[in-house]
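Participant: model this:
(one chain, ligands or ions: 2)
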Amino acid sequence: MTLSLDEYATLARRELPEDVWDFIAGGAGRERTLAANEAAYDTVCLRPKALPGFTEPDTHVRVLGGRWAAPLGVAPVAYHELAHRDGESGTARAAGALGLPLVVSTFASQSLERVAREASAPLWLQMYCFRDEEVTRSLAGRAAAAGYEALVLTVDTPFMGRRLRDLRNGFQVPPHIVPANLVEGLAEGARADVAASPAAHSRTAFHPALDWSVVARLREWSGLPVLAKGVLSGDDARAALDAGVAGIIVSNHGGRQLDGAPATLEVLPEVVAAVAGRCPVLMDGGVRRGSDIVVALAFGATAVLVGRPVLHGLAVDGTAGAHAVLSLLMRELADTMALTGRATVDAVDVSVLAPRAMHLRHLELP
Ligand SMILES: Cc1cc2nc3c(=O)[nH]c(=O)nc-3n(C[C@H](O)[C@H](O)[C@H](O)COP(=O)(O)O)c2cc1C
Ligand SMILES: CC(C)CC(=O)C(=O)O
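Facilitator: Ligands and ions are numbered 1, 2, ... in the order given. The predicted model follows:
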């Protein structure tokens, strides 16, 4: 019986080669930011509601015109086939069966068209932008043609952060796993070069001087709304809005880019205040329980995304494992909403939080 996302992580670790586990689990530098993401939730308490009068809340939300079964989606994560041969198609089937959206990575191990054929819930395509602008333009156009509903521009990764575990392990993506969106049609040798060292490839192939003007180009090439993923300050949120984004994703890339960056939960209120209702504000990083989703909503998030836990589910049991992880989170979310007396997602606001030092509140302190 697997009862929590932490238990899925433990089981996944047994299934995966050590260097693949490290690539998935690891972060940049000292991994301070990686640890901070999860730890931030431990600083917050929820206020229970006595006799709420219902047991099954309505968890549906609307995000950019799409209806999701819960304020929860799958974050863009490269190479799902590293976890299980079902890969992104399996994740798409799992998410779709639950009515949850999937953000497909530029570095997916299956082509965005193939994933689209398996999906029954909203799909967004995460965009890295390349030195060769034609590659970026082609990806954006293909996403629109395949029915993707939005592009997610990653703004925190001009190159991959220094991930010491990968450097120590000399991590290479195994040759049978390829970035299918980028190399279909290429010869075997060329495929291997792109996939072998993600870090080295990012230094040479990513656009070296990207700025916010790319948002307008992505919109023009695709006709799709563009979200910015990797915003951690009010200033950057305002810059993103000025550039024309339709949504913001508060993210530190799961602690894999700037080590020392704050936990996403900590900066969420600053970003929500800067956005002031002008667009949805999603967040990711360290969400491991349904109660974490409630906390993120209370801090002003429209919805959350989860990254690593979905790969853990895939590693344990392919499509069925990814489905199990996501449905566990949905169950925990509904239970937490019921126990805090929130019948709808809209009803989850800051009043669901209990001050940490609650026992001190009624004392007359000097
Ligand atoms: C193995 C792995 C690969 C990732 N690949 C991408 C990617 O291709 N594009 C991207 O924008 N973010 C990528 N991310 C970051 C995730 O989208 C997300 O921000 C992060 O994993 C969220 O934190 P969580 O894993 O704690 O849920 C990746 C993360 C991991 C762990
Ligand atoms: C292939 C990489 C660029 C994927 C990524 O964003 C990551 O590993 O964090």
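Participant: Show me what from the stretch 1-150 of the chain comes close to ligand 1.
Facilitator: 23-24, 37, 75-78, 105, 107, 126 (C-beta under 6 Å from any ligand atom). Placement of C-beta: from N, CA and C, glycine included.
Participant: so which two of those are the farthest from each other?
Facilitator: Between any two of those, the greatest separation by C-beta to C-beta is 21.3 Å, found for N37 and F107.
Participant: Could you check which of those two has the larger neighbour count?
Facilitator: For N37 versus F107, neighbours defined as other C-beta atoms under 10 Å are more numerous around N37 (26 against 23).
Participant: now the nearest residue to D86 once chain neighbours are set aside: how far from L282?
Facilitator: Nearest non-adjacent residue to D86, counting by C-beta to C-beta, 6 or more residues apart in numbering: G318, 4.1 Å away. To L282, G318 is 27 Å away according to C-beta to C-beta, to the nearest Å.
Participant: Surely V281 and V267 touch.
Facilitator: No: taking contacts as C-beta atoms under 8 Å, V281 lies outside contact range of V267: 10.9 Å.
Participant: how about the residues of the stretch 151-300 of the chain that lie near ligand 1?
Facilitator: 154, 229, 251, 253-254, 256, 284-287.
Participant: filter those residues down to the ones near ligand 2?
Facilitator: Counting by C-beta under 6 Å from any ligand atom, 253, 256 from these sit close to ligand 2.
Participant: Mind giving me the ChimeraX command for buried ones among the residues of the stretch 151-300 of the chain next to ligand 1?
Facilitator: In ChimeraX, this line selects whichever of those come out buried by 16 or more other C-beta atoms under 10 Å:
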select :154,229,251,253,254,256,284,285,286,287
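Participant: Can you add secondary structure and pLDDT and give the residues of the stretch 151-300 of the chain next to ligand 1 back as CSV?
Facilitator: Shown next, in CSV, are these (DSSP: H, G, I helix; E, B strand; the rest coil; pLDDT from 0 to 100):
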residue, secondary structure, pLDDT
T154, strand, 98
K229, strand, 99
S251, coil, 99
H253, helix, 99
G254, helix, 99
R256, coil, 98
D284, strand, 99
G285, coil, 98
G286, coil, 98
V287, coil, 99
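Participant: nearest to ligand 2, of the residues of the stretch 151-300 of the chain next to ligand 1?
Facilitator: Nearest to ligand 2 among these, counting by C-beta to the nearest ligand atom, is R256 at 4.4 Å.
Participant: Wait, the closest one touches L164, no?
Facilitator: No: R256 is not in contact with L164 according to C-beta under 8 Å; the separation is 11.4 Å.
Participant: which residues are common contacts for those two?
Facilitator: Counting by C-beta atoms under 8 Å, 6 or more residues apart in numbering, the contacts common to R256 and L164 are 26, 28.
Participant: now stretch 166-177: mean pLDDT?
Facilitator: The average of the pLDDT scores along stretch 166-177 is 96.
Participant: Quick check: longest helix in the chain by residues?
Facilitator: Longest helix of the chain, by residue count under DSSP state H: helix 308-339.
Participant: which ones are touching the residue of the stretch 151-300 of the chain found nearest ligand 2?
Facilitator: Nearest residue of the stretch 151-300 of the chain to ligand 2, counting by C-beta to the nearest ligand atom: P198, 3.8 Å away. Counting by C-beta under 8 Å, 6+ apart, P198 makes contact with 78, 107, 160, 173.
Participant: again, 7 Å this time
Facilitator: By C-beta atoms under 7 Å, 6 or more residues apart in numbering, the contact set of P198 is 160, 173.
Participant: got it, and D284?
Facilitator: Counted by C-beta under 7 Å, 6+ apart, D284 has contacts 75, 249, 251, 264, 304-307.
Participant: go with 6 Å
Facilitator: 75, 251, 305 (C-beta atoms under 6 Å, 6 or more residues apart in numbering).
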